[in-house]
Structure formats: structure tokens, C-alpha cells
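Engineer: Sharing a model that was predicted from the sequence below.
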Amino acid sequence: MSRPTAFQPTTPATRTAAAIPTQRSCLPPRPSRPPEQDWITLVATVRLLNRLQVERARHHFLDDAEAFARDADCAEEDLEHHWPARWATLKRRIAGEVARWWTEEHGSDPLGCTACRIQNRSAEQPITVPPPGQPWLT
């Protein structure tokens, strides 16, 4: 056999499977900001948890109210992290809504309380939902 010269091609050494790097994920990278649906869901979650906190506290179920308050704080932290400017403008409006809920008169019986809109809603009372394409909160 002759020795390869600069003009003769050489056959590359065979590579083992471990030497070839593999792609970690076939999914595209996530955008830096969550989608609009996440904003709507988190805002609705904060409102729901705040309402449940008020209803449970007004009926002296303080452990439940405290748990709802902790969960609402976590959801608010997510909003502040992902949408700081947008959340800052809406936070005042939700705080006013929560303040109004605290001033509502609640009955002594939690099951028959007419002010408790979330836990004691009758089947005949519809939950108002905005039409498709209209935002829940702006």
C-alpha cells in the first residue's frame, strides 16, 4: 500500500455513537413571555381566590381563607413576574373590587348566604361570560 499524499483523499475514522452530540429537544424554545391565555387565566384565578377568601373569612372559616389568600399571593407574584406593567394597571382595579366584597353583608348560615356568589350559586343563576373575542379584563 502506498502512503497517502496531500492529493489523495483519506477515509475518515469511524465515529462511535457516544461521540456524536444529540439534540436535547425537538420542541422550539418557549417564548420569553407566556401567551395571552395565561394572562387571562391568572387574572381570573386571582379574582376567584380573592372572592373565595372573602366568603370563607366572612363565615369564620379562617383556615380556608388563609389558604386562599396564600394561593392568591402566589398567582399575583406570577402576574408581577411575567406582566409587571400590565398587572400594575389592573391591580388597583381588582383591589377596589375586593374592597367592595369585604363590605357586603353575609348571612349567619354559610349554606344559605345570598351574598356568597361563588360557593352558593344556584343552578338557575347563569355565570356571565363575555362573547368570544372580547377580553375578560383589560
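Structural biologist: It's in. Numbers count the residues shown, from 1 in each chain.
Engineer: Start from the N-terminal end of this protein and give the helices.
Structural biologist: 36-58, 62-82, 84-102 (DSSP state H).
Engineer: Okay, angle between the first one and helix 62-82 too, please.
Structural biologist: Relative orientation of helix 36-58 and helix 62-82, computed by axes from the mean of the first three to the mean of the last three Cα atoms, to 10 degrees: 160 degrees.
Engineer: Only the buried residues of helix 36-58, if you could.
Structural biologist: 39, 42-43, 45-47, 49-58 (16 or more other Cβ atoms under 10 Å). For glycine as for every other residue, the C-beta is placed from the backbone atoms N, C-alpha and C.
Engineer: ok, back up a step: among the helices of the chain, single out whichever gets nearest to Gly133.
Structural biologist: Checking the helices of the chain against Gly133 by Cβ to Cβ gives helix 36-58 as the closest, at 11.9 Å.
Engineer: Please enumerate residues in contact with the closest one?
Structural biologist: 62, 64-65, 68-69, 71-72, 75-76, 78-79, 82-83, 86, 90, 94, 97-98, 101-102, 104, 106, 113, 115-119, 135-137 (Cβ atoms under 8 Å, 6 or more residues apart in numbering).
Engineer: could you redo the last one with a cut-off of 7 Å?
Structural biologist: 64-65, 68-69, 71-72, 75-76, 78-79, 83, 90, 94, 98, 101-102, 106, 116, 118-119, 136-137 (Cβ atoms under 7 Å, 6 or more residues apart in numbering).
Engineer: Nearest residue to Val46 in space, please, no chain neighbours.
Structural biologist: Closest residue to Val46 in three dimensions, ignoring its sequence neighbours and counting by Cβ to Cβ, 6 or more residues apart in numbering: Ala75, at 4.8 Å.
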